[in-house]
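In: Can you look at this prediction? I've put the sequence above it.
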Amino acid sequence: MRSPDELTALFRERGLRVTPQRQCIFRLLEGNDRHPTAEWVYQQAQSEMPTISLKTVYQTLNDLAAMGEIQALDVGTGSARFDPNIGHHHHLVCDRCGRTQDINVDVSALKLGRRQLRDFSVTSAEVVFRGICSTCSDHPTTKTTEDKAHA
Ligand SMILES: [Zn+2]
Ligand SMILES: [Zn+2]
């Protein structure tokens, strides 16, 4: 994702409205590697911009995704997550709290069978490693939500 200043210029160039609310969202996403949900962005933005609406958050995230500045990600944690890291990479996902981390691993050894390759041409592959993060394994009996566990 580009910097908040560059995004502001880019949005204006494309005729999209840039409001202080949207700029606040840009700042929350910059360098953010926790793969936030729209709800997380909304909660964080509210402390700075009490009048921001969830609709504005969704709209801004969707605009950024449509422009290729962030990736919308579904790693099976219940809600869509947004990733400002748009380089090709893979993820570790905690089954208990939903914590999602970036990883770079070599998956070039993964091969499809000849039958699939006959009528399918592969352009990319994303791998999700699932398991339990250290915070959750340290507290095996406590069911935590992401924000409580990793605040
Ligand atoms: Zn966890
Ligand atoms: Zn990621």
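Out: Received, thanks. Ligands and ions are numbered 1, 2, ... in the order given.
In: Now do the domain split for this structure, please.
Out: 4-73, 88-150 (automatic domain parsing).
In: could you point out which element follows the host helix or strand of L117?
Out: Applying DSSP states H and E as the criterion places L117 in helix 114-118. Going down the chain from helix 114-118, the next helix or strand is strand 128-131, by DSSP H and E.
In: Whichever helix or strand comes after that next one - contacts with which helices or strands?
Out: As assigned by DSSP H and E, the chain's next helix or strand after strand 128-131 is helix 134-138. Under the contact definition 3 or more CB pairs under 8 Å, 6 or more residues apart in numbering; DSSP states H and E, helix 134-138 sits against helix 146-150. Bear in mind the C-beta positions are built from the backbone N, C-alpha and C, glycine included.
In: and the helix it packs on, average pLDDT?
Out: Mean pLDDT, helix 146-150: 52.
In: got it, and stretch 35-48?
Out: Mean predicted confidence for stretch 35-48 is 96.
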